[in-house]
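Engineer: predicted model and sequence follow; I will ask about them next.
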Amino acid sequence: MTANSRCSAAEPPGLETQRREIESLLREWELRAGDSWYVVERRWYEQWKEFVETGDQNSSSFPGQIDNTELFEDLDSYHLKERLVENEDFMLVPAEAWHKLLSWYDMVDGQPPLERKVVDLPSTLKVEVYPVEIFLCLHSNMENVITVQFSRADSIRSIQRAMCEAFPVPPGSECRLWMKSSDSTCERLRNVYMCVLDACLSSGMTVILETRNADGTWPSSRPQIMRNSVEEQDSYRGQPGVCGLTNLGNTCFMNSALQCLSNTPPLTEYFLQSSYLEELNFTNPLGMKGEIAEAYADVIKQMWSGRHYSVVPRVFKTKVGHFASQFLGYQQHDSQELLSFLLDGLHEDLNRVKNKEYIELRDAEGRPDQEVAEEAWRNHRRRNDSVIVDTFHGLFKSTLVCPECHKVSVTLDPFCYLSVPLPVSKERVMEVFFVSLDPYAKPAQHRVVVPKTGKVSDLCSALSEMTSVPPAQMVVADVFNHRFYKIYNTDESLSCILDRDDIFVYELSELEEQQEEQVLLALYLRERSHYRDYGSGSSSYGTSLFGHPLLLSVPRSSCSQKALYNLFLQRLARYVRPPDPSEELEEEEEEELYKTQTNGISDEDEPEDAEKAGPSQTEPCCGDASANSQSDDTTTVEPRPVINHTQPSLDQSNADTNNGPLSQTEPVCSADANTTNTDDVNPCEGPSGTTDTSAEPPAEQPQPPCETTEEEKEEDKQEEACSPSPPANEQPAKRKACLKKRKSLFTIQAVNSNGTTERGMGEGGSAVSFSSQPYVAIDWDPEMKKRFYNENEAEKYVKHASMEVPQQQTTVQLQECIELFTTKETLEDENPWYCPVCKKHQLATKKLDLWFLPEVLIIHLKRFSYTKFTREKLDSIVDFPLRELDFSGCLLRKSLSNGEPPSRYDLIAVSNHYGGLRDGHYTSYARHKDNGQWYYFDDSKVTYAREDQIVTNAAYVLFYHRQDKIRIPTLPAPNTSPASSTSSASSTSQPANDITSCKDDDAELGAAAASSSSSYVTMETD
């Protein structure tokens, strides 16, 4: 047999040529990672060498077909034998040499070529003789396992491709792989471009392939979907994209942002078509290894599957918190802040630029704007190229001018959204209640205009113009829960007062030049309970605050019990009826009575009792709020108001212990006052109570608005509201009444700012400095209060003419906000600009101009205003157009001759915020990309919306789509009438995203317009 007949592939060259070509390739070929080399059995290779060296074509040493039989364990599996040694059992030849030998000598039928890859091991390159042997299976059928060998240099995509061919995977299915090691732990193989070696795949491991379900979920992590039953959820078929998002706990901000992005057509179609899979950037150090993009894609595909009422974005929330720690937990956040993070994260995860080059930015230096703009955009795209840049990025021009050398610096910078300011008013409207000195005048509610950065004195001055009361005779206080939350100094900032605080302004008596020193007393009203509080360890009575507190200016000489009693009766004359002579109660002579010992002071007139009472009896009533017998437990002590008034001091040296009950004879606020006889003033036997301006009036009476605020003070106030006033402990003392005495309507007692007395206050006769406690309570017996206190009258108030003037809702045009954005401004002290000519930081003037706008323009309305003096949310209505928003007058580049896009936009989505600075609720309006219908998204609930509902004072972030990119809806708009919408969802039970409700509730919607056919929306505060 000749060599020609043995060689079936091609006519071989001469033997010398064969030897020279193969040896040259073996000698010169270098190992390169990823190259293919082939394993040849050494015996055959040695015989071939002997054959070509003889130079005789008819030599008996002809090797025949390439035969690797000796290298296999068996000829069924063609597995290599273990522990084969190079150059002893086999030879390695490069791919080019192998293909030459194969073409000259062919191969034994049935034997596979033993191709092996060069792998880049740590510090060395090596031909991988023994590849990785991996078990492959589907997630849906993990019993059917096949074994396949892969080189360590093979990519994960090659494994996925092999699995799709080996298993019945429908074409076009979206797949993902999991790596399962021997300890049964699974890990995602995210980067399909990574090689087997880098993915740490080793022999014996299992790779599992799963395909996405039709509803957008993955079999391995099917989320908790809101549904009544599995069958109902699986059978539900709704409009894709009309899907709610479950509130996981204060995540309405996230849901609102996601709904707006979900209804941004170019971005949503990019993810629905799985275009992101080819552009995931797993190596970007600024990105999130593709995890944010994958998590967002999962949410979008579930929402647009048409198979869910509502999706639970728990995995997405976890990923966001993992990469942005500020969103960890379940605190309230800003939807625009999340939107900013998400767009940046998606951009970096999908950046087509794998290795960012360093680019030095240049100043304009007098060059034409067009040239500078083209250079800036080109440089930006060299480092940033993604679907986010394609869709959301525009360019604006920034001009800085030095105030000294007039150096002009011009740069053109990219932007992802426009944060436009709202015109801020320098004034604010406040509603306050004015309490006159005239005891018969009802409190009057006034509406005053004050400077936003003003002080409390400005409020007094504005109120003075309406009341003709000098500002010096006014004291401003915040009343909450029948007590003073804070008494303000005149130099305190008005920013401390929130719009919904209950502010009372009290008129004080005029201070004459020769008049003695005045003491500012805060007066509370308390009602004694019917039952004793035996749980406190003493037979004390509980008290509760009621009615409106008062502030009074009292001369020091008038601080005796008698004087204060008469003064209080006079100030309360409008709603406290003095008893007629026939109604006055007298106590029987020589009758044994249980008297109430208040503040450690006896109610009897016997000198020996006064002596037994100890030092606490000699203390003025206002000075010692509770003696050893008093034990008011209070768990919440309110911060004491700061009052710039003279505080009386306590002096016991002049106390007369031999002149009757000291609670009557001693001055309450001054130790220098003369003592009086007990017949003049009769202390009340019952304990006392306290009052508040916001006590509930009867239904037919008007009520001052004493609601809690939603801002900084709310938590403190609620704590106080929840903690009941502790009982004022009083010990009954068995006495003999020596004289007939008149009972007073109430008793007077010193208390703390909370309206209570702490346990142990004044125990053992110790004095408490009155300078720290200018609060007095008058305590009412329930029966006395019922007879002489007119609750209806106490709650009445009148409205000043200023309250009748309707408040105009501030409305600004969106165009005004954009013009304000492009207005020249001077930099603040905290943000100076470094002038390269002056070589120092300067407060330069800055002007921003729009150069070109993106396909989808996001406009952020800066409703939250933070300055050195104020923090507020601007509730102005911004009138933004739903169609034909024209930027042609704002763009510097106005020429459209080069096929440049137009500058007209239509609205596609709005993120709304209801509430104040520290709390609130986010919702969104969005226009469906397929049917053109507007929907209102409120967490898991979705309802139809009308266009006249969209413009409200809650609009926070606006999404506009350029008109040349808007496509005509492919589906007819749904019929939003009640009958049709009810029938449209009647195939299943009522869905969670109730599209069927068509009642109007604009108050809850926050919409300005009222209509009879709008969707019903339930507003919830997070």
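Structural biologist: Done, it's in.
Engineer: ok, so what distance separates the residue positioned nearest the centre of the chain from Arg918?
Structural biologist: By C-alpha atoms, centre = their mean, the chain has its centre lying nearest to His333, at 1.3 Å. The gap separating His333 from Arg918 is 12 Å, by C-beta to C-beta, to the nearest Å. Glycine gets a C-beta too; all of them are placed from N, C-alpha and C.
Engineer: give the rounded mean pLDDT of stretch 119-129.
Structural biologist: For stretch 119-129, mean pLDDT rounds to 84.
Engineer: ok, stretch 927-943 next?
Structural biologist: Mean pLDDT, computed over stretch 927-943, is 94.
Engineer: buried sites along that stretch?
Structural biologist: Across stretch 927-943, burial judged by 16 or more other C-beta atoms under 10 Å covers 927-931, 933-943.
Engineer: just name the closest of the residues you listed to Gln259, please.
Structural biologist: Closest approach to Gln259 among the buried residues of stretch 927-943 (C-beta to C-beta): Phe937, at 4.3 Å.
Engineer: so where's the chain shaky on pLDDT?
Structural biologist: Applying pLDDT under 70 to the chain flags residues 1-10, 183, 222-234, 512-515, 530-541, 583-742, 758-773, 867-870, 894-901, 976-1022.
Engineer: can you rerun that using 50?
Structural biologist: Scanning the chain with the threshold set as pLDDT under 50 gives 1-8, 223-232, 536-539, 587-712, 721-739, 760-770, 773, 978-993, 996-1022.
Engineer: walk me through the domains of it.
Structural biologist: As given by the TED database, the domain ranges for the chain are 15-117, 132-211, 252-422+811-965, 427-532+542-578+746-757+770-802.
Engineer: could I get the ones you listed as a markdown table with distance to Leu971?
Structural biologist: Below are these laid out as a markdown table (distance: least, C-beta to C-beta, whole Å):
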| stretch | distance to Leu971 |
| --- | --- |
| domain 15-117 | 49 |
| domain 132-211 | 23 |
| domain 252-422+811-965 | 4 |
| domain 427-532+542-578+746-757+770-802 | 45 |
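Engineer: out of these, nearest to Gly238?
Structural biologist: domain 252-422+811-965 (5.3 Å).
Engineer: quick one: that closest one to chain centroid distance?
Structural biologist: Domain 252-422+811-965 has its C-alpha centroid displaced from the chain centroid by 18 Å (C-alpha atoms, centre = their mean, to the nearest Å).
Engineer: from one end of it to the other, what's the distance?
Structural biologist: Start and end residues of domain 252-422+811-965 are separated by 30 Å (C-alpha to C-alpha, to the nearest Å).
Engineer: now do stretch 351-371
Structural biologist: 26 Å.
Engineer: how about residues contacting it?
Structural biologist: 279, 281, 283-284, 287, 372, 375, 379, 382-386, 397, 409-412, 851, 892-893 (C-beta atoms under 8 Å, 6 or more residues apart in numbering).
Engineer: narrow those residues to those in strands?
Structural biologist: Cross-referencing these against strands under DSSP state E gives Lys397, Ser409, Val410, Thr411, Leu412, Trp851.
Engineer: what sits up against stretch 334-345?
Structural biologist: Contacts for stretch 334-345 (C-beta under 8 Å, 6+ apart): 253-254, 256-257, 260-261, 287-288, 292-293, 296, 320, 323-324, 326-327, 388, 392, 416-417, 419, 858, 860, 864, 911, 913, 922, 956-957.
Engineer: Tyr236: which of the domains of the chain is closest?
Structural biologist: Comparing the domains of the chain by C-beta to C-beta, domain 252-422+811-965 comes nearest, at 5.9 Å.
Engineer: what about Thr268, how many neighbours?
Structural biologist: For Thr268, the neighbour count with other C-beta atoms under 10 Å is 19.
Engineer: check contacts around it.
Structural biologist: Gly241, Leu261, Ser262, Ile300, Trp304, Lys929.
Engineer: end to end, how far does stretch 64-84 reach?
Structural biologist: 23 Å.
Engineer: pull out the buried residues from it.
Structural biologist: So for stretch 64-84, counting by 16+ other C-beta under 10 Å, buried means Gln65, Ile66, Asp67, Asn68, Leu71, Phe72, Leu80, Leu84.
Engineer: cool, stretch 435-454 as well?
Structural biologist: So for stretch 435-454, counting by 16+ other C-beta under 10 Å, buried means Val435, Lys442, Pro443, Ala444, Gln445, His446, Arg447, Val448, Val450, Lys452, Thr453, Gly454.
Engineer: and if you look at stretch 237-246?
Structural biologist: Result for stretch 237-246 [16+ other C-beta under 10 Å]: buried residues Gly238, Gln239, Pro240, Gly241, Val242, Cys243, Gly244, Leu245, Thr246.
Engineer: pull that stretch out as CSV, backbone CA atoms only.
Structural biologist: Provided in CSV are the C-alpha atoms of stretch 237-246 (Å, rounded to 0.1, in the frame of the first residue of the first chain):
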residue,chain,number,x,y,z
ARG,A,237,-54.7,38.7,32.5
GLY,A,238,-54.5,42.4,32.7
GLN,A,239,-53.1,45.3,30.7
PRO,A,240,-49.3,45.1,30.8
GLY,A,241,-47.8,48.0,32.7
VAL,A,242,-51.0,48.7,34.7
CYS,A,243,-49.6,47.1,37.8
GLY,A,244,-49.2,48.3,41.4
LEU,A,245,-46.2,48.1,43.6
THR,A,246,-46.6,46.9,47.2
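Engineer: contact partners of that stretch?
Structural biologist: 226, 254-255, 258-259, 262-263, 268, 299, 302-313, 928-931, 935, 937-942, 974, 985, 987, 991-993, 995.
Engineer: do stretch 456-471 as well
Structural biologist: 430, 432, 434, 436, 444, 446, 448-451, 474, 476, 488-494, 497, 505, 507, 510, 800, 802.
Engineer: buried subset of those?
Structural biologist: For the contacts of stretch 456-471, buried by 16+ other C-beta under 10 Å: 430, 432, 434, 444, 446, 448, 450, 474, 476, 488-490, 494, 497, 505, 507, 800, 802.
Engineer: hang on, the earlier thing: which residues touch the residue nearest to the centre of the chain?
Structural biologist: Asn250, Phe253, Met254, Gln326, Phe327 are the contacts of His333 under C-beta under 8 Å, 6+ apart.
Engineer: narrow those to those in strands?
Structural biologist: Among these, no member lies in strands (by DSSP E).
Engineer: could I get the buried residue list for the strand ranked longest in the chain?
Structural biologist: Counting residues, the longest strand found in the chain (DSSP E) is strand 518-533. For strand 518-533, burial by neighbour count (16+ other C-beta under 10 Å) applies to 518-529, 532-533.
Engineer: tell me the one among the residues you listed nearest to Lys180.
Structural biologist: Asp533 (67.1 Å).
Engineer: and Val118, what element?
Structural biologist: Assigned by DSSP states H and E, Val118 falls within strand 115-121.
Engineer: mind checking how far that strand is from the chain centre?
Structural biologist: Relative to its chain's centre, strand 115-121 lies at 52 Å (C-alpha atoms, centre = their mean).
Engineer: list the neighbouring strands of that strand plus their orientation.
Structural biologist: Here strand 115-121 is paired, per DSSP bridges, with strand 36-41 (antiparallel), strand 124-127 (antiparallel).
Engineer: please work out which of these is packed deepest.
Structural biologist: Of all those, strand 36-41 has the most neighbours on average by mean count of other C-beta atoms under 10 Å, namely a mean of 21.
Engineer: now it - C-alpha only, CSV.
Structural biologist: C-alpha atoms of strand 36-41 as CSV (Å, rounded to 0.1, in the frame of the first residue of the first chain):
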residue,chain,number,x,y,z
SER,A,36,-6.0,25.6,21.0
TRP,A,37,-3.5,22.8,21.2
TYR,A,38,-4.0,19.1,20.4
VAL,A,39,-3.1,15.9,22.2
VAL,A,40,-1.3,13.3,20.1
GLU,A,41,-0.4,9.7,21.3
